[in-house]
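1. Model the following, please.
(chains A and B)
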There are 2 protein chains.
Amino acid sequence: MKIYTYWRSQATFRVRIALNLKGLKREEVFINLDRGEQLKPEYKATNPQAVLPTLFDGNAKLFQSVAILEYLEEKYPKPPILPTDTLARAWVRGFALINVADSHPLIVPRIRNYLTDVLKVDEAAKTAWIQHWLGAGLDAMEQLLAEKNPSGKFCHGDSPTVADICLVTQVTPAQLFKCPIEPYRRVMRIYEACMSIPAFAEAHPRKQPDFEGH
Amino acid sequence: MKIYTYWRSQATFRVRIALNLKGLKREEVFINLDRGEQLKPEYKATNPQAVLPTLFDGNAKLFQSVAILEYLEEKYPKPPILPTDTLARAWVRGFALINVADSHPLIVPRIRNYLTDVLKVDEAAKTAWIQHWLGAGLDAMEQLLAEKNPSGKFCHGDSPTVADICLVTQVTPAQLFKCPIEPYRRVMRIYEACMSIPAFAEAHPRKQPDFEGH
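-> As a prediction, this is how the structure comes out:
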């Protein structure tokens, strides 16, 4: 496998975790989003959206992190990252999408740049925007966990699923952007459980070869 | 089945199409997003995120449109809305997520309200924001279709999939917010093919009992 990656890309972080959980090795190609390398013609020829990640499984090109997680689960089912029960799968996917479809899209570099460059929003207001939307997602996750009251170690059961992967990529930027995270006791319990597993810990932005600090 | 719906909710539009394609009947509960009915305690008790849709299949509660589409496909597989081949499924899901995870989250009411109420963005700049992000998604979809050059009637093959559902929920708001759509020839060919099918046409916002015009 070959992955186009950047240390701070949360979408790529999701895929790194899944590859690690499934024991799949990868070659890495580094695309520095902060220097705009995703906009170069050679990368746009690979990924017309100019976003990360892109994953090649042999010649098969894969894009969009959630589509990649589903692909990995179908092609490399062991260990599973989705439950077997249809309703449980729906809950896990729904939980994950709070991060993927509601929170994360609002804080990616292209949005932060538009706020600054086009809307002329100052740094304080931009930080407030980021904290607001990450907080809304954390609120929703905490309430869903309260409602479900999971008895296992993770969001669903005693092994990690796509829900846990996307809980982690909700919490990591919240920490980076200094959101208050103390209120989210259930979320943080599971975050710590995830981070105690090498597959998660080694996929963390800080552990990547292209990490530059922040 | 019981669905909490609003005529202009694009996420609910996705689920309406899928229910229609699969011939599943539903009872409808109307939640007027423009009047803030999603924020009432009785709805938040059902959906802590205060978003649409929520679908009940008997007592089973389902949330987040993409998780619902996957659930419907697993529980009611005929007719399918995903291909059978693993790589084709990944392409269809990745295409759909351009709408779900990259474009649509940026134009929902809560974002438009934040732009107006908190960032004090004027109407022209708000419209430019909406058109910019919908246009970016349409660009990506058009380029993916050019790269794939589908030989069938729809995004993948001759029957509609989740990719077509999410192509439609990309185009419909683009029309509403007067984005230029002429450049997107491949997208619009498929949009017209979808809209010629009653399952799509009858799910359109304008055809809903709670439609109020715009």
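2. In terms of helix, strand or coil, where does A:Asn99 fall?
-> helix (DSSP: H, G, I helix; E, B strand; the rest coil).
3. neighbours of it, just the number please.
-> 29 (other CB atoms under 10 Å in any protein chain shown). No exception for glycine: its C-beta is placed from N, CA and C like everyone else's.
4. Please tell me I have it right and it contacts A:Ala140.
-> No: look at A:Asn99 against A:Ala140 with CB atoms under 8 Å: they stay out of range, at 9.5 Å.
5. quick one: contacts for A:Pro173?
-> A:Pro173 is in contact with A:Gln10, A:His104, A:Ile107, A:Ile130, A:Leu134, counting by CB atoms under 8 Å, 6 or more residues apart in numbering or on different chains.
6. Over to it: give its phi and psi.
-> phi -70, psi -30 (degrees, to the nearest 10).
7. tell me the pLDDT at it?
-> On pLDDT, A:Pro173 comes in at 97.
8. Equivalent analysis for A:Arg16, please.
-> On pLDDT, A:Arg16 comes in at 98.
9. Could you do A:Tyr191 as well?
-> Note on A:Tyr191: pLDDT of 98.
10. does it belong to a helix or a strand, and which?
-> Using DSSP states H and E, A:Tyr191 sits within helix A:185-195.
11. Which positions within that helix qualify as buried?
-> For helix A:185-195, the buried set under the neighbour-count rule, 16 or more other CB atoms under 10 Å in any protein chain shown, comprises A:Arg186, A:Val187, A:Met188, A:Ile190, A:Tyr191, A:Ala193, A:Cys194.
12. so does the longest helix along chain A get close to chain B?
-> Within chain A, and with DSSP state H defining each element, the longest helix by residue count is helix A:123-148. Yes: using CB under 8 Å from any CB of the partner chain, helix A:123-148 reaches chain B at A:Ala125, A:Ala128, A:Trp129, A:His132, A:Ala136, A:Asp139, A:Ala140, A:Gln143, A:Leu144, A:Glu147.
13. re earlier: which pair of the contacts of A:Pro173 spans the longest distance?
-> Spatial extent of the contacts of A:Pro173 (CB to CB) is set by the pair A:Gln10 and A:Ile130 at 12.4 Å.
14. Tell me how far A:Tyr184 lies from chain B.
-> Separation of A:Tyr184 from chain B (CB to the nearest CB, to the nearest Å): 13 Å.
15. Would you mind giving both backbone torsions of that residue?
-> Torsion angles, degrees, to the nearest 10, at A:Tyr184: phi -100, psi 70.
16. Was I right to think it contacts A:Leu144?
-> No: assessed by CB under 8 Å, A:Tyr184 is found out of contact with A:Leu144, at 11.5 Å.
17. Would you map the helices across chain A?
-> Listed in chain order, the helices of chain A (DSSP H) span A:10-21, A:41-46, A:65-75, A:86-97, A:109-117, A:123-148, A:162-176, A:185-195, A:198-201.
18. returning to that earlier point: counting contacts, what elements does the helix holding A:Tyr191 pack onto?
-> Counting by 3 or more CB pairs under 8 Å, 6 or more residues apart in numbering or on different chains; DSSP states H and E, the packing neighbours recorded for helix A:185-195 are helix A:123-148, helix A:162-176.
19. which of the ones you listed sits most buried?
-> The highest average neighbour count among the helices and strands packed on helix A:185-195, using mean count of other CB atoms under 10 Å in any protein chain shown, belongs to helix A:162-176 at a mean of 24.
20. Quick one: distance of it to the chain centre.
-> Counting by CA atoms, centre = their mean, to the nearest Å, helix A:162-176 is centred 6 Å from the centre of its parent chain.
21. okay, it in CSV with CA atoms only?
-> Output in CSV follows, covering the C-alpha atoms of helix A:162-176 (Å, rounded to 0.1, in the frame of the first residue of the first chain):
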residue,chain,number,x,y,z
VAL,A,162,-14.8,3.2,13.3
ALA,A,163,-16.6,5.1,16.1
ASP,A,164,-13.5,5.1,18.3
ILE,A,165,-11.3,6.1,15.3
CYS,A,166,-13.5,9.1,14.7
LEU,A,167,-13.8,9.9,18.4
VAL,A,168,-10.0,10.2,18.5
THR,A,169,-9.9,12.5,15.4
GLN,A,170,-12.5,14.7,17.2
VAL,A,171,-10.5,14.9,20.5
THR,A,172,-7.0,15.4,18.9
PRO,A,173,-7.9,18.7,17.2
ALA,A,174,-9.9,19.8,20.2
GLN,A,175,-6.7,19.4,22.3
LEU,A,176,-4.6,21.2,19.6
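22. hmm, back to that, ok and the helix holding A:Tyr191 relative to helix A:10-21, angle-wise?
-> Put simply, helix A:185-195 runs at 50 degrees to helix A:10-21, going by axes from the mean of the first three to the mean of the last three CA atoms, to 10 degrees.
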